[in-house]
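Asks: give me a 3D structure for the following:
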Amino acid sequence: TEYRNNYAWVSVEHDWSDYATTRAIGSFTDVTNIRSGRIDQIGRIAGPVDDERAFHIASLQLDGTIEMGRFLNTWGVTAKQLSANYDYRSDVRFEAGYPFVGSPANDSHRAASLRPDGNEYAAYWSTRVQLLPQLTTEIGLRWDDETYTNADSETQLAPRVSAMYLLPAGQRVRLSWGRFFQSQSINEALIENEAQHFFPAQRADQIVLSYEADLPHGRQLRIEAYRKDYDRLRPHWENLFYPIVLVPELEYVPTLVDPDRARAEGIELLLSQRSGQEWTWWVGYAWSQVKDTIDGHEFSRSWNQRHALTAGVHWSRGRWDVTLAETYHTGWPITPFRLAGSGATAELEIGARNSVRLDDFNSLDLRVNRSIALGRGELDVFLEVSNLLSQSNACCIEPITTRDEQGNVILDAERSYWLGIVPSIGVLWRY
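Replies: Numbering: from 1, shown residues only. As a prediction, this is how the structure comes out:
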C-alpha cells in the first residue's frame, strides 16, 4: 500500500466585540491511495488486485459565537468542492474443490472506474441558556447537503436538544436527544463490490442519559446509558468467517449485509482517579448490544460484545511515564457450520449468521515512555508491548472440507488467532 497526502490551510480569527467572535478556515486536501495485493494459495485461490484512488477537497468554513445576555449562540457554515478518481481491477481464480468439496472452479474478473465530483454544504445553529442556577439547556439544528452522490436523499435536517442539571456536592445529570446523519463520503465508494453509485445518508436518533460525580481524593464516577436507532443504512460486504481480511475481494464467502434498520444500546460505568499525582488509575465496565434487523429478523453485529471491562494504572515521575492497561470483552459473534448428511454425499451446512460466539478476548498492554530534553524541542523514546501475556485470542474459525481415502467428506474447523505478544520501539520528536 502506498499513501500520499498534501494539506494546506489558513485560519483567520476576529473578535468583533466582547460578545461576538468569528473564525474562518480555508483548506485544500489532496490524497492518493494505491493498494496492490496478490493471494497465492496453491490448489485453492490465486489472483491480484490493483486499486488506485485520488481525492481532492477544497473547503471554506466560517464559525462564530454571539453572546446575548444569558444566551450563548454558536453558528457555522461550510462549503466544500470535492472530486475523486477511482481505478480498480481484480482477477481471481478459485480452484475446483475450494472453498468446499464439490465447489466448481470459478474465475472472477472486475474492472471499474469512477469519477465523482460535486459539492458539500453544511450549516448549524445552537443556543445555550442557563434557565436556573442549576439548569442549563441547549437546542440546535444542523442542515447538510451533498451534490456528488446523486442519491435520492431527503432533506438532512438534524435537530438536537440537551440539558444539564447540577446537584449538590459536585454531581451532574445530563440528558440529550439528537438526530444525526452520516453521508457516504466521496472517498467511500464501494467500487470493489461493483457499486457505481453513492447511497443516501444514514440516519440515527440518539438519546443519552448520564450521571457524573466528583468524589473525594480526586476520584470521578460516570454512569451513562444510551440508545441509538438507525435507519436508511448502507449495505456492506463482510467475509462470513474472517472479520479482518487484508484483501477481502480476493477471499471467498463475501456476504452482503443490507439491514432495514439497527439498534445500539448500552450502559457504561467509569471510575477513575486522575488528580495529577504520580499514580492514577481507572476501571470501566460496559454492557452493550448492537443488532441489525434484516427481513424482520435480528442479527448481532460482527463486533457486538455484550460485556467489556477495561482497567489501567499510570505512573509518572519526572520524564518517565509507564502505563499498564487491561482489556477484556465477550467473544465476537460468528456463523456456525456443520456437515449435513454423511459419507461421500455429505455437504457443508452454514447456520444462522452470527448466532454463536468465540471465546472471550483478553489482552494486557504495556507502554514505557522516556522524554529527553533537546536543544530544540523534546524527544520521546517509548517501548510498547501489546498482549504482554501472549494470550491466545481466537479471531475466526474457517470450515475446511476434504475427502478421506474412502471418498467420505470430512469437516475440519481451522481456528485462527489474533497476534500474540507484539513489542515495538519508537521515537517521537516534538518541537
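Asks: give me the most central residue, this protein.
Replies: Taking Cα atoms, centre = their mean, the centroid of the chain lies closest to Trp303, which sits 10.3 Å from it.
Asks: right, and it touches Gly331 too?
Replies: No - using Cβ atoms under 8 Å, Trp303 is not in contact with Gly331, being 11.0 Å away. C-beta coordinates here come from the backbone N, C-alpha and C atoms, glycine included.
Asks: check the residue nearest to the centre of the chain and give its pLDDT.
Replies: At Trp303, the predicted lDDT confidence score is 89.
Asks: and what of the one 5 residues further on?
Replies: Ala308 is assigned a pLDDT of 97 by the prediction.
Asks: number of residues surrounding Glu405?
Replies: 5 (other Cβ atoms under 10 Å).
Asks: and for Phe337?
Replies: Phe337, neighbours per other Cβ under 10 Å, totals 20.
Asks: same deal with Asp260?
Replies: 14.
Asks: low-confidence ranges in the stretch 101-250 of the chain?
Replies: The model of the stretch 101-250 of the chain has pLDDT under 70 over residues 150-154.
Asks: please, where are all the strands along it?
Replies: When assigned using DSSP state E, counting those that start in this stretch, the strands of the stretch 101-250 of the chain occupy the ranges 106-114, 117-130, 135-146, 156-167, 171-182, 202-214, 219-231, 236-239.
Asks: reformat these as a markdown table; add distance to Phe55 and mean neighbour count.
Replies: Shown next, in a markdown table, are these (distance: least, Cβ to Cβ, whole Å; neighbours: other Cβ atoms under 10 Å):
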| stretch | distance to Phe55 | mean neighbour count |
| --- | --- | --- |
| strand 106-114 | 12 | 13 |
| strand 117-130 | 10 | 16 |
| strand 135-146 | 14 | 17 |
| strand 156-167 | 22 | 15 |
| strand 171-182 | 18 | 16 |
| strand 202-214 | 20 | 16 |
| strand 219-231 | 26 | 16 |
| strand 236-239 | 20 | 16 |
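Asks: of all these, which one is nearest Leu324?
Replies: strand 219-231 (19.0 Å; Cβ to Cβ).
Asks: which strands or helices does that closest one pack on?
Replies: strand 202-214, strand 261-273 (3 or more Cβ pairs under 8 Å, 6 or more residues apart in numbering; DSSP states H and E).
Asks: ok, Phe71 touching Arg128?
Replies: Yes - counting by Cβ under 8 Å, Phe71 touches Arg128, with 7.3 Å between them.
Asks: quick revisit: what about the helices and strands packed on strand 219-231, which gets the closest to Asp404?
Replies: Of all those, strand 261-273 comes closest under Cβ to Cβ, at 43.6 Å.
Asks: distance from the chain centre to that closest one, please.
Replies: Centroid separation for strand 261-273 versus its chain: 16 Å, with Cα atoms, centre = their mean, to the nearest Å.
Asks: pull the CA atoms of it into PDB?
Replies: Taking C-alpha atoms only, strand 261-273 is exported to PDB below (Å, rounded to 0.1, in the frame of the first residue of the first chain):
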ATOM      1  CA  ARG A 261     -32.700  -0.800  10.500                       C
ATOM      2  CA  ALA A 262     -30.400  -1.300  13.500                       C
ATOM      3  CA  ARG A 263     -30.300  -0.500  17.200                       C
ATOM      4  CA  ALA A 264     -27.400   0.000  19.600                       C
ATOM      5  CA  GLU A 265     -28.000   0.300  23.300                       C
ATOM      6  CA  GLY A 266     -25.900   0.000  26.400                       C
ATOM      7  CA  ILE A 267     -24.800   1.200  29.900                       C
ATOM      8  CA  GLU A 268     -21.200   2.300  30.700                       C
ATOM      9  CA  LEU A 269     -19.600   2.900  34.100                       C
ATOM     10  CA  LEU A 270     -16.200   4.500  34.600                       C
ATOM     11  CA  LEU A 271     -14.400   5.100  38.000                       C
ATOM     12  CA  SER A 272     -11.100   7.000  37.700                       C
ATOM     13  CA  GLN A 273      -8.600   8.900  39.700                       C
END
